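1. predicted model follows, preceded by the sequence.
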Amino acid sequence: MAKKKKLKRHVINREWCKGCGICVAVCPKNVLELDSKEKAVAARKKDCIACQLCEQICPDLAIEVMVKYVEESASGDK
Amino acid sequence: MDVKYYLRERFFPHMWCAGCGHGIVLNALVRAVDGLGIKKRDMVMVSGIGCSSRISGYVDFHSLHTLHGRALAFATGVKLSKPSLNVIVPMGDGDALAIGGNHFIHAARRNINITALVMNNRTYGMTGGQFSPLSGVGTKATTAPYSNIDREFDTVELATGAGATFVARTTVYHVKQLQSLLKKAISHNGFSVLEVLSQCPTYFGRKNRKGSAVDMLNSFKDGTVPVGSKKKQDNPELIERGVFVDKILPEYCEAYAELVERATAK
Ligand code: SF4
Ligand code: SF4
Ligand code: SF4
């Protein structure tokens, strides 16, 4: 049965993040934003589709998107 | 994957400016090496001088930080002495094609199995934003306040003309393509050149009013097309991305080993 990639959590390294805003701009679901300290935070986790684009484009290697693979529920199948 | 496994964490946060494209190249490189399943001890990074060259210090591979423009010469020595190693030479545009132009064309001509990574941000970032042979006519730099009149090299055409047997180009915006082309370039048996358009928001960006790092990334998205796209015919300004050359010719270390065998045979 097909497995679906789901977000477990974002691990954002605040020591390494330089607040460039690239992850915020490229996220297709507008999940991330910069906080008052100019560090990336996952403000809208529920919208995350676990595409992992943010972690692959971060120039400071400061984001890790932890994912899990779950069985697609019967109701989700066509 | 755990990117930290491939990094020398003690040097982080790294010294590149916020939003510098070179960090995206580093990010893609460790993923490409992980994807290929190459062991850290089989990887060698040999760099010259410049912001780009710092990348060799950040990875937990064998690394050499050598002379400006001369990294390919050192890398040739490493590769010839131990051909089983995977040798990558990350260079900036000036390091690769101004100071190191001669080493670049001759390494390509010999077809030695090395991966030359040209991280092209069209400026000398480390020394304060001078124009390079890839800046192009009309751009501004600290050494071209009234704009640059030097025509630029086309890295792909130059590498192709010099005889590189794998030539490709992408940008740091296109991270998936960057990872896949890195894998192809590293796996290729011969001299491979991968040009990666990268942003220097601090100098090239500021001097040329290109906006933030995000704006510069978006200009890579809007200003490039896949190789062979029809859009390029309508708009010649667009820069093509993809693989331009991929062919097999005798590799230098193999040719050398054969020569030694011939010369020592009774
Ligand atoms: S891309 Fe990386 S460094 Fe830039 S804001 Fe996001 S987490 Fe921070
Ligand atoms: S994994 Fe994708 S959707 Fe989730 S925050 Fe990162 S870029 Fe956005
Ligand atoms: S000066 Fe330019 S190339 Fe150098 S680290 Fe800063 S942004 Fe990157």
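-> Good, I have the coordinates. Ligands and ions are numbered 1, 2, ... in the order given.

2. contacting residues around the residue in the stretch 151-266 of chain B that chain A sits nearest to?
-> Taking CB to the nearest CB, chain A has its nearest neighbour within the stretch 151-266 of chain B at B:Val214, 4.3 Å off. Glycine gets a C-beta too; all of them are placed from N, C-alpha and C. Taking CB atoms under 8 Å, 6 or more residues apart in numbering or on different chains, we find B:Val214 in contact with A:20-22, A:25, B:19.

3. and these, which are buried?
-> Neighbour counting by 16 or more other CB atoms under 10 Å in any protein chain shown classes A:20-22, A:25, B:19 among those as buried.

4. and ligand 1, which of those contact it?
-> When contact is defined as CB under 6 Å from any ligand atom, those meet ligand 1 at A:20-22.

5. can you pull the contacts of the residue of chain A found nearest chain B?
-> The minimum distance from chain A to chain B, using CB to the nearest CB, falls at A:Pro59 (2.8 Å). For A:Pro59, the contact set (CB under 8 Å, 6+ apart) comprises A:18, A:20, A:22, B:16, B:19-24, B:26-27, B:172, B:213.

6. again, only this time at 10 Å
-> A:Pro59 is in contact with A:16, A:18, A:20, A:22-23, B:14, B:16-27, B:172, B:198-199, B:213, B:217, counting by CB atoms under 10 Å, 6 or more residues apart in numbering or on different chains.

7. next one, pLDDT for residue 46 please.
-> In the absence of a named chain, chain A is used. Listed pLDDT for A:Lys46 reads 96.

8. hmm, no, I was thinking of chain B.
-> In this model, B:Val46 carries a pLDDT of 98.

9. tell me the one of the buried ones among the contacts of B:Val214 nearest B:Leu80?
-> Nearest to B:Leu80 among the buried ones among the contacts of B:Val214 is B:Gly19, at 38.5 Å by CB to CB.

10. which strand or helix spans the closest one?
-> Under DSSP states H and E, no helix or strand contains B:Gly19.

11. any idea how many residues pack against the residue nearest to it when sequence neighbours are not counted?
-> Leaving out its chain neighbours, the residue that sits closest to B:Gly19 by CB to CB, 6 or more residues apart in numbering or on different chains is B:Ala213, at 2.6 Å. Neighbour count for B:Ala213, taken as other CB atoms under 10 Å in any protein chain shown: 27.

12. who in chain A is up against ligand 1?
-> Residues of chain A lying close to ligand 1 by CB under 6 Å from any ligand atom are A:12, A:17-23, A:40, A:58, A:60, A:62-63.

13. now, those that are in helices?
-> The helices, defined by DSSP state H, take in A:22-23 from those.

14. restricted to strands, list the residues of chain A next to ligand 1.
-> Using DSSP state E, A:12, A:40, A:63 are the members of those that sit in strands.

15. measure the last one to ligand 3 for me?
-> Taking CB to the nearest ligand atom, to the nearest Å as the measure, A:Ile63 falls 19 Å from ligand 3.

16. how about B:Ser147?
-> From B:Ser147 across to ligand 3, the span is 20 Å (CB to the nearest ligand atom).

17. quick check: phi and psi on that residue?
-> phi 90, psi 150 (degrees, to the nearest 10).

18. can you pull the contacts of it?
-> Here B:Ser147 is in contact with B:131, B:135, B:137-141, B:208 (CB under 10 Å, 6+ apart).

19. do you have the helices of the stretch 151-266 of chain B handy? List them.
-> B:155-162, B:175-187, B:206-207, B:213-223, B:230-234, B:252-264 (DSSP state H, counting those that start in this stretch).

20. please see if the fourth one touches ligand 3.
-> No: on the criterion CB under 6 Å from any ligand atom, helix B:213-223 is out of touch with ligand 3, staying 8.1 Å away.
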